[in-house]
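Student: The sequence isn't on hand, but the structure is:
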């Protein structure tokens, strides 16, 4: 199935908050006709109302894709409604955190092709990364379609087992929040050393954004990039000796990711 088939048969979007809106904007910019999109959302934004898509008008007869983007706490209410949707030829693509493939299979019944995805918030600026895994009925073609849709907001990677989704949640799903906190901490440290608050924040934001872009685009590993800018007995080495000390950043980050992954497992089993 390709995007032409999606345009012809229609795409249903259940929930259109920040993540759903980011993806929808990417699809519309990529040429998907607004008339081929049906959105179900109790509180449509002004942007959504002006986008030209169908809003709260039911569903097409046999949609190519049903994207489930409601908040996890609303999933219990949303899942039963999905059971009435047709199964044959429809890809059910979920970006809802903590909802297992088994939960969808129970709600949708036999014959449902389900692809579970974990995006992250940089998708709002088309810099996200999304991990996907399909159930036994999801073919390579179905996964390729999911990738095509999700690439509208960034990179896409495939998992080999659904159990990996909890670790993905701990690293990339929750990871932006860790980085945002680090930006605040870096700016506060600059203020403590005498910088004006606005300048410290500008420096912190640009440094993290620039370092991330360099790490992604460079041929060298992050370790080598670090070595490249660390002169012996220089300022960077002095700072790194604090971060790299026993009990400092490395074990703290391991604990952070583990805590998020453990909570993801708890939510999935709840």
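Tutor: Here it is on my side, so go on. Predicted model only: the values in this text are computed from it and were never measured. Numbering: from 1, shown residues only.
Student: Can you list the low-confidence ranges for this protein?
Tutor: Under the criterion of pLDDT under 70, the regions of the chain flagged as low confidence span 1-2, 270.
Student: Next up, the contacts around the residue most central in space within it.
Tutor: Taking C-alpha atoms, centre = their mean, the centroid of the chain lies closest to residue 119, which sits 1.3 Å from it. Applying C-beta atoms under 8 Å, 6 or more residues apart in numbering to residue 119 gives the contacts 19, 95, 128, 129, 130, 150, 153, 154, 173. To be clear about C-beta, it is placed using only N, CA and C from the backbone, and glycine gets the same treatment.
Student: Considering the residues you listed, which is situated nearest to residue 224?
Tutor: The shortest gap between residue 224 and any of the contacts of residue 119 belongs to residue 129, at 21.8 Å (C-beta to C-beta).
Student: From residue 85, how far out is the nearest residue to residue 89 once chain neighbours are set aside?
Tutor: Residue nearest to residue 89 in three dimensions, not counting chain neighbours: residue 62, with 6.3 Å by C-beta to C-beta, 6 or more residues apart in numbering. For residue 62, the distance to residue 85 equals 9 Å [C-beta to C-beta, to the nearest Å].
Student: Return the residues in contact with residue 183.
Tutor: Each residue near residue 183 by C-beta under 8 Å, 6+ apart is listed here: 201, 204, 205, 208.
Student: Would you point out the most distant pair within these?
Tutor: Every pair in those was compared (C-beta to C-beta); the two farthest apart turn out to be 201 and 208, at 11.0 Å.
Student: Compare neighbour counts for those two and give me the winner.
Tutor: Set residue 201 next to residue 208 and count neighbours by other C-beta atoms under 10 Å: residue 201 wins out with 18 against 15.
Student: hang on, the more buried one packs against residue 185?
Tutor: No - applying C-beta atoms under 8 Å, one finds residue 201 not in contact with residue 185, separated by 11.4 Å.
Student: For residue 155, what is the enclosing helix or strand?
Tutor: strand 154-158 (DSSP states H and E).
Student: quick one: buried residues of that strand?
Tutor: 154, 155, 156 (16 or more other C-beta atoms under 10 Å).
Student: Angles on the backbone of residue 243, please.
Tutor: The phi and psi values for residue 243, taken as degrees, to the nearest 10, are phi -60, psi -40.
Student: Pull out the buried positions in the one helix or strand residue 255 maps to.
Tutor: When elements are defined using DSSP H and E, residue 255 is found to belong to helix 249-269. By neighbour count, and taking 16+ other C-beta under 10 Å as the criterion, the buried residues in helix 249-269 are 256, 257, 260, 261, 264, 265, 268.
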